[in-house]
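S.K.: Sequence first, predicted model second:
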Amino acid sequence: MPDGIYKFEESTYKNFRSRQDTAGDLETLSQRIKLDFSGPAGEFVELLQDLIINCHMVIEWYQKKRARVIWQKRAYFFVSLALLALIPLIVFMISGRWATSGTDLTAQITIVLTGLIGVQRAMSAWLDDRKVLGSYTKAVSDLKKEYYGFEQRWENREIDSGSRDEFEKDLMNVIDRSRVICDEEQTAYFQNLSYPSLDIAQIMKSASADAAALTTNFTHPTLTKMRALDTAKQESNQANALVTHFKALLDDLEAERDRLSKLSASKEQLDAMTRDIESVVAKLRSAQIDAATAKAAYAALEG
């Protein structure tokens, strides 16, 4: 850790605006516009360093930041593209190869897809809220325009007593305008700065619905058949359970009617009991028809 830094600089102590780092660009600048620092141009070394600090180094900083943002967006795009291509294929292959129980495997695939889609949407929310790429690109373009304009104006021009004041004024103007460009970019950055607040429940809810739809649309025919078999079996079991229920209820009602008859119950009581028995008999017949239909449908799928 170098000496002479503040506490808040400890984690990022390397200052890209250090004059010590201007030597390389200063040498290149002197070669490109033919500056002789042993002559009158030598008195402008510090101003030229300010130009490099406020223009060249800032351009380099923006380009690095922009490259990182572009890399993040490209990585997100290609990951999303890979998911788009692979998810249907993977669902189809897994559901065909490891189909042992239609309902269980469908649920497992849906859970995995829900996680993948949820992560992808969280990444999307993060990248969409980082609206800095445009401001970085504009700042780089504006700074290059300022510097290259200065370079063209003074390329191969001699700095002497006649041009000294003009050179100094032009140099200071470019530095001032470069600072303004940076200030404008910073203002735009902080105005657009917002970190996404992820609504986990909403993301997972929508991701789950989409995952279920993907699982339904892209499952292997084997799993689709197994899922249909599971559904048909459940419906057949439910229909049989309803038949059993009405039979037990009918037995109870008939036993109650016999008991009332032995107790010499009134005609009204016996008539009411008879009507209840007839109602249950009708429901039992309907349930038996439904059970027969469900059984036939299950048998057809199974066969």
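M.R.: Noted; the coordinates are in hand.

S.K.: excluding its backbone neighbours, what's nearest Arg121?
M.R.: Leaving aside its chain neighbours, Arg121 sits nearest to Ile203 (5.4 Å; criterion: C-beta to C-beta, 6 or more residues apart in numbering). Any C-beta I mention is one placed from the backbone N, CA and C, and that applies to glycine too.

S.K.: secondary structure class for that neighbour?
M.R.: helix (DSSP: H, G, I helix; E, B strand; the rest coil).

S.K.: Isn't it up against Gln120?
M.R.: No. Here Ile203 lies out of contact with Gln120, judged by C-beta atoms under 8 Å, at a distance of 9.9 Å.

S.K.: which of those two has more neighbours?
M.R.: Ile203 (19 against 16; other C-beta atoms under 10 Å).

S.K.: how close does the more buried one sit to Leu214?
M.R.: Here Ile203 is placed at a distance of 16 Å from Leu214 (C-beta to C-beta, to the nearest Å).

S.K.: Likewise for Thr22?
M.R.: 56 Å.

S.K.: Nearest the middle, which residue of the chain would you pick?
M.R.: Arg121 (2.1 Å; C-alpha atoms, centre = their mean).

S.K.: Check which residues of the helix or strand containing that one are buried.
M.R.: For Arg121, the host element (DSSP states H and E) is helix 102-128. With burial defined by 16 or more other C-beta atoms under 10 Å, the residues of helix 102-128 counted as buried are 102, 105-106, 109-110, 112-114, 116-118, 120-121, 123, 127.

S.K.: which one of those is nearest Ala248?
M.R.: Gly102 (31.6 Å; C-beta to C-beta).

S.K.: What is the least confident helix or strand in this structure?
M.R.: Ranked by mean pLDDT, DSSP states H and E, the weakest helix or strand in the chain is helix 102-128, scoring a mean of 77.

S.K.: Burial check on Val45, number of neighbours?
M.R.: Val45: 15 neighbours (other C-beta under 10 Å).

S.K.: which residues does it contact?
M.R.: For Val45, the contact set (C-beta atoms under 8 Å, 6 or more residues apart in numbering) comprises Leu26, Phe37.

S.K.: what do you get for Lys247?
M.R.: So Lys247 contacts Leu284 (C-beta under 8 Å, 6+ apart).

S.K.: i'd like the first residue to be 657 from this point on
M.R.: Got it, first residue is 657 now, which makes that one Lys903.

S.K.: Quick check: it vs Lys729, distance?
M.R.: Lys903 is 67 Å from Lys729, by C-beta to C-beta.

S.K.: residue ranges with poor pLDDT in the stretch 807-956 of the chain?
M.R.: 849-854, 876, 879-880 (pLDDT under 70).

S.K.: Mind jotting down where the helices sit in it?
M.R.: 820-848, 856-874, 877-918, 923-958 (DSSP state H, counting those that start in this stretch).

S.K.: CSV for those, including distance to Arg724?
M.R.: Listed next are the helices of the stretch 807-956 of the chain as CSV, based on distance: least, C-beta to C-beta, whole Å:
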stretch, distance to Arg724
helix 820-848, 14
helix 856-874, 25
helix 877-918, 43
helix 923-958, 55
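
S.K.: how about those helices, which one is nearest Ala795?
M.R.: Nearest to Ala795, of those and by C-beta to C-beta, is helix 820-848 at 4.1 Å.

S.K.: counting contacts, what elements does that closest one pack onto?
M.R.: Helices and strands touching helix 820-848, by 3 or more C-beta pairs under 8 Å, 6 or more residues apart in numbering; DSSP states H and E, are helix 701-707, helix 713-753, helix 789-810.

S.K.: Which among those is found nearest to Thr875?
M.R.: Using C-beta to C-beta, the helices and strands packed on helix 820-848 put helix 713-753 closest to Thr875, at 4.2 Å.

S.K.: Give the burial count for Arg730, as a bare number.
M.R.: The number of residues packed near Arg730 is 10, by other C-beta under 10 Å.

S.K.: The helices and strands packed on helix 820-848: lowest mean pLDDT?
M.R.: Note on these: helix 713-753 shows the lowest mean pLDDT, a mean of 84.

S.K.: Perfect, that will be all.
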